[in-house]
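mind looking at a prediction? Sequence and model below.
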Amino acid sequence: MMTMTTAIPYENHIPDVLQALQQVEVTMAEHGLDPLLVHLVKLRASQINSCGFCVKMHIREARADGETDERLERLVVWRHVDDYSERERAALKWTEALTTLKEDTDYGALRAELKALFSEAEISVLTSTIMMINLWNRMKASQH
């Protein structure tokens, strides 16, 4: 029974939009960014956004692709452990900046760090990945 507080089943109302968003994910994957890096980025954004559904899904997908339990368990404290590469750390900083959107963030400094470690094409895919996971997190959060 539907009530005023019942979550809206988006799949019943905008299946074409959801299908188009899924196609964006497929297209981004074709650009070849390291899948393990993509999993870390999606999981970290989902942790920040407190999306339980997405956290569980991205942990499951990361494990299936070979990510270790230790790195997944420590992702929430990635700044304080040495489990992540320089590239991963830069990507996680970018993820946190674009997910939290704090006014005092120095995007130029973060971009410079990224450019030292990634190509502009990789940064473009990384940024799109962060944009999409934030979209999915917010969509799921609206159904909590």
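Thanks, I have it.

can you pull out the low-pLDDT segments for the chain?
1 (pLDDT under 70).

would you map the helices across it?
Along the chain, counting by DSSP state H, helices occupy 10-13, 15-29, 35-48, 52-64, 69-74, 86-100, 107-117, 120-141.

among those, which is the most enclosed?
Among the helices of the chain, the stretch with the highest mean neighbour count (mean count of other CB atoms under 10 Å) is helix 35-48, at a mean of 22. The way it works is simple: take the backbone N, C-alpha and C, and place the C-beta from them, glycine included.

and the helices of the chain as TSV, adding distance to residue 3?
Listed next are the helices of the chain as TSV, based on distance: least, CB to CB, whole Å:
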stretch	distance to residue 3
helix 10-13	16
helix 15-29	23
helix 35-48	28
helix 52-64	21
helix 69-74	37
helix 86-100	31
helix 107-117	42
helix 120-141	19
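
now do the contacts for residue 18.
10-11 (CB atoms under 8 Å, 6 or more residues apart in numbering).

same thing with residue 109?
Residue 109 neighbours (CB under 8 Å, 6+ apart): none.

for residue 103, what are phi and psi?
phi -60, psi -30 (degrees, to the nearest 10).

give me the number of residues near it?
4 (other CB atoms under 10 Å).

quick one: it from residue 138, how far?
20 Å (CB to CB, to the nearest Å).

could you do residue 55 as well?
14 Å.

that older thread, tell me which of the helices of the chain lies nearest to residue 2.
helix 10-13 (11.3 Å; CB to CB).

packing partners of that closest one?
helix 15-29 (3 or more CB pairs under 8 Å, 6 or more residues apart in numbering; DSSP states H and E).

tell me the contacts of residue 100?
Residue 100 sits next to residue 48 when contact means CB under 8 Å, 6+ apart.

what about it, distance to residue 94?
11 Å.

residues near the spatially closest residue to residue 36 that is not a sequence neighbour, how many?
The spatially closest residue to residue 36, leaving aside those adjacent along the chain, is residue 67, at 5.5 Å (CB to CB, 6 or more residues apart in numbering). Residue 67 is flanked by 19 other residues according to other CB under 10 Å.
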